[in-house]
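Peer 1: One predicted model, sequence on top.
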Amino acid sequence: SFDETPKMPKSRYAIMTRYMPKVGRHGLDMMYRTCTIQVNLDFSSEEDMRRKMQVSMKLQSLATALFAASPFTEGKPNGYLSWRGEIWRDTDNARSGLLPFVFKPDFGFKDYVKWALDVPMYFVVRDGKYHDCTHITFSQALDGALKGEVADWEPNMGDWANHLSTLFPDVRLKRFLEMRGADGGPLSRIAALPAFWVGLLYDAQALAAAETLTRDWTFEDVQALRDAVPTQGLNAPFRGGRLSDVARDVLAISRLGLKNRARLNQSGKDEGIYLDPLDEMLRKGKVLAEDMLDEFHGAWKQSVEPAFEAWQY
């Protein structure tokens, strides 16, 4: 249960714990009862960032579906394939989710900075002490809102870096791009996730193919997909078909990118081997969460305990 969950002894967590219930229903669950695997990827220029962020923002819900592995809460099925995905639908939405401006053809650094400036802060750190700043935005701090509240009230670059780390969009922009859509999972999925994104974004031919595939996807299309995926996974409806149809096309593009990269192991195989569990999942028509539910109602005899042994790999 939530009350049984150990709490991270960080000062920033105390501030967030007080603030989260004010801005969403699931913020505390996000902090204390979800687990993700994130992939951090480089970009070489503003244009390169734009292309990679636009593709990955559109495809982030596909990653949520492919890696859905949170169908239980407090030892029982919770009605979701990705409970974590559902939690992020109502967790401080001013700083999380999809960002409409990313879908603009000319999206750039300035757009992200403008958005970040107007998001409420969590804290500033002075002499090792965290000061609650949830009542102001970073822009207001620049205008002197902290004057008289903290010493050295003028915001500095450390404050800005900390602020950027408290923003939670589906793809987070810092000096690199963070892919934030996937549930945590067993080792095979932990290896598959970076292979999936690297194949799509680190090869010119694959990135161009992913752009072509998603070019006419609107913000509304992607938002509807994001809303459907936590419960429906790869069966979510999308543009007259199912998300599973898109998944096959996207995995083929990712495999192409990994093949083109030609990073080979001692057996001469490229990094596409890490996508094998995802291809097998598509062949079966079930994501990991659905396998877990089948086991729960079958061999596990209504217990979640075997999950901790069954899917270590």
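Peer 2: Now that the structure is in, tell me what you want to look at. Numbers count the residues shown, from 1 in each chain.

Peer 1: so how far is Glu86 from Phe308?
Peer 2: Per CB to CB, to the nearest Å, Phe308 is found 22 Å from Glu86. Just so you know, the C-beta spots here come from the backbone N, C-alpha and C atoms, and that holds for glycine as well.

Peer 1: list the helices and strands whatever helix or strand Ala210 lives in packs on?
Peer 2: Using DSSP states H and E, Ala210 maps to helix 204-214. Counting contacts by 3 or more CB pairs under 8 Å, 6 or more residues apart in numbering; DSSP states H and E, helix 204-214 packs against helix 46-66, helix 187-201, helix 243-261.

Peer 1: any chance of the ones you listed in TSV, with distance to Asn93 too?
Peer 2: Converted to TSV, the helices and strands packed on helix 204-214 look like this (distance: least, CB to CB, whole Å):
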stretch	distance to Asn93
helix 46-66	16
helix 187-201	24
helix 243-261	23
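
Peer 1: Looking at those, which is nearest to Glu154?
Peer 2: Glu154 lies closest to helix 46-66 among these, at 27.8 Å (CB to CB).

Peer 1: Tell me the helix or strand right after the closest one.
Peer 2: strand 72-73.

Peer 1: mind listing what the following helix or strand past that following strand pairs with, with the direction of each?
Peer 2: Using DSSP H and E, the helix or strand that directly follows strand 72-73 along the chain is strand 76-77. Next to strand 76-77 in the sheet, as set by DSSP bridges, lie strand 72-73 (antiparallel).

Peer 1: nearest residue to Asp294 other than its sequence neighbours?
Peer 2: Lys286 (7.7 Å; CB to CB, 6 or more residues apart in numbering).

Peer 1: ok, the one you found - how many residues close by?
Peer 2: 18 (other CB atoms under 10 Å).

Peer 1: what's the distance between it and Val102?
Peer 2: 31 Å.

Peer 1: Ok, Pro9 next?
Peer 2: Applying CB to CB, the value for Pro9 to Val102 is 35 Å.

Peer 1: So which of these two has more stuff around it?
Peer 2: Set Pro9 next to Val102 and count neighbours by other CB under 10 Å: Val102 wins out with 22 against 7.

Peer 1: ok, Ile253 - contacts?
Peer 2: Applying CB atoms under 8 Å, 6 or more residues apart in numbering to Ile253 gives the contacts Gly199, Leu200, Ala206, Ala209, Ala210, Leu213.

Peer 1: sorry, that was for Ala262
Peer 2: Asp270.

Peer 1: now Val55
Peer 2: By CB under 8 Å, 6+ apart, the contact set of Val55 is Leu200, Leu201, Leu207, Ala210, Glu211, Thr214.

Peer 1: Centroid-nearest residue for this structure?
Peer 2: Arg180 (1.7 Å; CA atoms, centre = their mean).

Peer 1: just to revisit the earlier point, out of the helices and strands packed on helix 204-214, which comes closest to Ile136?
Peer 2: Comparing these by CB to CB, helix 46-66 comes nearest, at 27.3 Å.

Peer 1: State the pLDDT value of the residue nearest to the centre of the chain.
Peer 2: Arg180 carries a pLDDT score of 98 in this model.

Peer 1: Was I right to think it contacts Leu173?
Peer 2: No. With contacts counted by CB atoms under 8 Å, Arg180 stays clear of Leu173, the gap being 11.1 Å.

Peer 1: Can you pull the poorly scored residue ranges out of the protein?
Peer 2: Residue ranges of the chain with pLDDT under 70: 312-313.

Peer 1: Which secondary structure element is home to the residue of the chain positioned farthest from its centre?
Peer 2: The outermost residue of the chain relative to its centre, with distances by CA atoms, centre = their mean, is Gly148 at 37.4 Å. In the assignment (DSSP H and E), Gly148 maps to no helix and no strand.
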